[in-house]
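Asker: sequence and predicted structure below; questions after.
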Amino acid sequence: MTTDGRLIYGLTGGVEIWDTIDGKVKLSRNMKGCMHTMRQCGEHLYGAWANDNQLTVVRYDRQLNNREEIISIRCLTDMHSQIDVRYGKIVVVACNSKLIKLYTIDGVFVRNVRLIGCNSSYGVRLLMDGCVLVTDYGAGFVTKYQTDGSGSVVWRFDQVEGALGLDVDEWGLIYVCGNSIVYLLSPEG
């Protein structure tokens, strides 16, 4: 959901944006592969596309009229490949990856960050303090990592059965989707 109340929906080869007020649909079909994640950052939408072991991050204008490839990396991808775009940075995590890749908002590579103790990464969320939250589906963890290159674990919450997606609200509260349960965590885990 975008800040102006539009619903973004990814599909094989394209993206749909549904206007929840008047019901109009804007459709873009200009990519090979499948769109996994779509995030809004400022006046742009960023999408993660997976196709043939290639993950591509694409920046769109809000009407899907202009598309620009920002990042293209070879990595194992599937429906679990995720990105987050916030605070002038893009973070990319691919399925079963034990590392994340950090970029500037324009796709300039900053560094890899090893995910210490992570088995099967899934959801990812950048935080205002420069850290990143990652869910580990296989182990049932939510972990806060430093992104300074050390990958140090700040804290870990290890009681989430089937940890999937996550989000953070304006107060820093963390919402984690597990198997049939939504967990609410404090900013300190």
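Answerer: Thanks, I have the structure now. Residues are numbered from 1 along each chain as shown.

Asker: now do Gly117 against Phe141, distance only.
Answerer: Gly117 is 8 Å from Phe141, where distance means C-beta to C-beta, to the nearest Å. For glycine as for every other residue, the C-beta is placed from the backbone atoms N, C-alpha and C.

Asker: more crowded one of those two?
Answerer: Comparing Gly117 with Phe141 by neighbour count (other C-beta atoms under 10 Å), the higher total belongs to Phe141, at 22 against 15.

Asker: who does that one form a beta bridge with?
Answerer: Legend: beta-bridge partners of Phe141 under DSSP bridges are Asp136.

Asker: wait, isn't it in contact with Ala163?
Answerer: Yes. Counting by C-beta atoms under 8 Å, Phe141 does reach Ala163; the two are 6.2 Å apart.

Asker: shared neighbours of the two, anything?
Answerer: Common neighbours of Phe141 and Ala163 (criterion: C-beta atoms under 8 Å, 6 or more residues apart in numbering): Thr135.

Asker: excluding its backbone neighbours, what's nearest Asp167?
Answerer: In space, Asp167 comes closest to Tyr175 once its chain neighbours are excluded; the distance is 4.9 Å by C-beta to C-beta, 6 or more residues apart in numbering.

Asker: what sits against the residue most central in space within the chain?
Answerer: Residue closest to the average C-alpha location in the chain (C-alpha atoms, centre = their mean): Ile83, at 2.8 Å. With contact set as C-beta under 8 Å, 6+ apart, Ile83 has these partners: His36, Thr37, Arg39, Tyr46, Ala48, Val57, Ile90, Val91, Val92, Val93, Val124.

Asker: restricted to strands, list those.
Answerer: His36, Thr37, Arg39, Tyr46, Ala48, Val57, Ile90, Val91, Val92, Val93, Val124 (DSSP state E).

Asker: show me the shaky parts of this protein.
Answerer: Judged by pLDDT under 70, the chain has its weakly predicted residues at 1-38, 49-52, 75-81, 94-97.

Asker: give me the domain ranges for it.
Answerer: Here the domain assignment for the chain is 1-78, 80-189, based on automatic domain parsing.

Asker: most tightly surrounded among those?
Answerer: domain 80-189 (a mean of 18; mean count of other C-beta atoms under 10 Å).
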